[in-house]
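>>> Got a predicted model here, sequence first, then my questions.
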Amino acid sequence: MRHLLLSSVLLFSFSACNEDSKKALDDTKIIQKAHAEKEALLSELKAKDVALQKARQEAQIAKEKLLAEEKAKKEAFIASQREKKETQNKAKQNEKLSKIGIAVQNNTITIDTNKTKDFFESIGKNLGEKLKKMTQDLEKGILKDKNAGVDIDDKHINIDLNKTKDFLEDWSKKMQGFVKEFDNMAKEMEINTSQK
């Protein structure tokens with residue numbers, strides 16, 4: 001009986017050992033499989049990280065390219081606006097010069113002496129007429145100029161200082177503009193002649 005018991009115990013222990021070794025072998029396979037899956041996931045993660053970094057770099061390059069294009073467009077717009085303004089200023093200046101008989105084209109100055117003469121004659125005539133009228137009015141003792149703010153009759157002299165001040169300021173500005181135009185014309189002529 002003893003032998004029987006001993007043999008049962010031995011058989012039982014061998015079968016238990018066999019299950020433990022089988023279980024250990026299964027555990028090893030599971031661990032290896034988990035390790036392989038872990039490595040596959042890590043390599044996939046690294047590949048995705050590399051792809052993400054590459055996408056970020058491409059996005060940064062695209063952003064810089066767009067900013068450069070936007071800057072170039074903005075600079076081109078500013079340059080075109082500046083050119084347009086210069087063209088308008090030249091046209092305006094040429095219009096003013098043409099009123100007095102001077103034309104500037106392609107570094108050539110053309111002076112229409114008849115037109116220039118007529119311009120200065122009309123200025124002289126206008127000033128002469130105004131001076132003549134003022135002189136006649138002063139001789140009569142009557143001067144009424146609403147723009148200048150002065151009213152003189154045989155009994156009273158009324159001077160509106162605000163209107164007189166405005167008139168003198170306006171007249172001064174007109175004269176300064178007139179002088180500035182002649183100065184600019186002289187400078188342009190000087191520049192054009194010095195460039196030849």
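Perfect, thanks for sending it.
>>> quick one, helices of this structure?
Listed in chain order, the helices of the chain (DSSP state H) span residues 2-99, 113-140, 161-195.
>>> Nearest to residue 106, out of the ones you listed?
helix 161-195 (10.3 Å; C-beta to C-beta). Every C-beta, even on glycine, is put in place using the N, C-alpha and C of the backbone.
>>> could you check the angle helix 113-140 makes with the closest one?
Note on geometry: by axes from the mean of the first three to the mean of the last three C-alpha atoms, to 10 degrees, helix 161-195 and helix 113-140 are set 160 degrees apart in direction.
>>> what packs against helix 161-195?
Where contact means 3 or more C-beta pairs under 8 Å, 6 or more residues apart in numbering; DSSP states H and E, helix 161-195 is packed against helix 2-99, strand 102-105.
>>> in that helix, what's buried?
167, 185 (16 or more other C-beta atoms under 10 Å).
>>> How far away from the center of its chain is it?
Its chain's C-alpha centre and that of helix 161-195 lie 32 Å apart, by C-alpha atoms, centre = their mean, to the nearest Å.
>>> what's the model's confidence in it, averaged?
The average pLDDT for helix 161-195 rounds to 75.
>>> ok, now stretch 31-50?
For stretch 31-50, the per-residue pLDDT averages 89.
>>> most packed of the helices and strands packed on helix 161-195?
Comparing these by mean neighbour count (mean count of other C-beta atoms under 10 Å), strand 102-105 ranks first with a mean of 14.
>>> That strand - which strands sit beside it in the sheet, and in what orientation?
Here strand 102-105 has these sheet partners by DSSP bridges: strand 108-111 (antiparallel).
>>> mind exporting the strand it pairs with as CSV, just the C-alpha atoms?
In CSV, the C-alpha atoms belonging to strand 108-111 read as follows (Å, rounded to 0.1, in the frame of the first residue of the first chain):
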residue,chain,number,x,y,z
THR,A,108,12.1,117.5,-73.2
ILE,A,109,10.7,120.8,-72.1
THR,A,110,8.5,122.6,-74.6
ILE,A,111,7.4,126.2,-73.9
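>>> Great, nothing more from me.
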